[in-house]
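# model the structure of this input:
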Amino acid sequence: MKNAIQLLTDDHKKIKSLLEELANTSTRAVKKRAQLLDEVATMLKIHTTIEEEIFYPAFKQAGNKDDAKTYFEAMEEHRAAGELVLPDLMGTKPDSEQFSGRAKVLKELVVHHADEEEQGMFKRAKSIFDKAALDALGERMQARKAQMLGE
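Predicted coordinates for the structure are as follows:
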């Protein structure tokens, strides 16, 4: 069983890799683009849900004022990606150059957010939580993930 940070970091790797692949597709790769985008959308939805429902609140509660600021910033970055950039991309014709541009912007946004989390929030979480707490959070997140995949 992975702890909370391992679980989230693995998600980041998978999502970054999918976004990289998506950003490198050509306007002719219509089916491939649609399939990759679908996968990215599903993974992002599950990932942001487990962060927002489980990890972030625990982090904010256990932390200090600076950690609360980190929490709110992370929530806004999720909103930017999930409610603005991703829906735009999903509504864009896969054979257009506009799609290429929007895919690249989503990738840059997600990569920036993931890197920031890993270097800031996750490092900090390791000092806020003990091993047992990180394991317990990981278990809850894994269960929620499984539940969402089964929906």
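
# so what pLDDT did residue 151 get?
On the pLDDT scale, residue 151 is placed at 70.

# count of residues packed around it?
5 (other CB atoms under 10 Å). For every residue, glycine as well, the C-beta is placed using N, CA and C.

# next: residue 36.
By other CB under 10 Å, 20 other residues sit near residue 36.

# look up how far residue 90 lies from the residue lying farthest from the centre of the chain.
Among residues of the chain, the one most distant from the C-alpha centroid is residue 28; the distance is 27.3 Å, by CA atoms, centre = their mean. Counting by CB to CB, to the nearest Å, the gap from residue 28 to residue 90 is 19 Å.

# kindly report the same for residue 32.
15 Å.

# which helices and strands does the helix or strand hosting residue 136 pack with?
For residue 136, the host element (DSSP states H and E) is helix 131-150. Counting contacts by 3 or more CB pairs under 8 Å, 6 or more residues apart in numbering; DSSP states H and E, helix 131-150 packs against helix 4-23, helix 30-50, helix 56-62.
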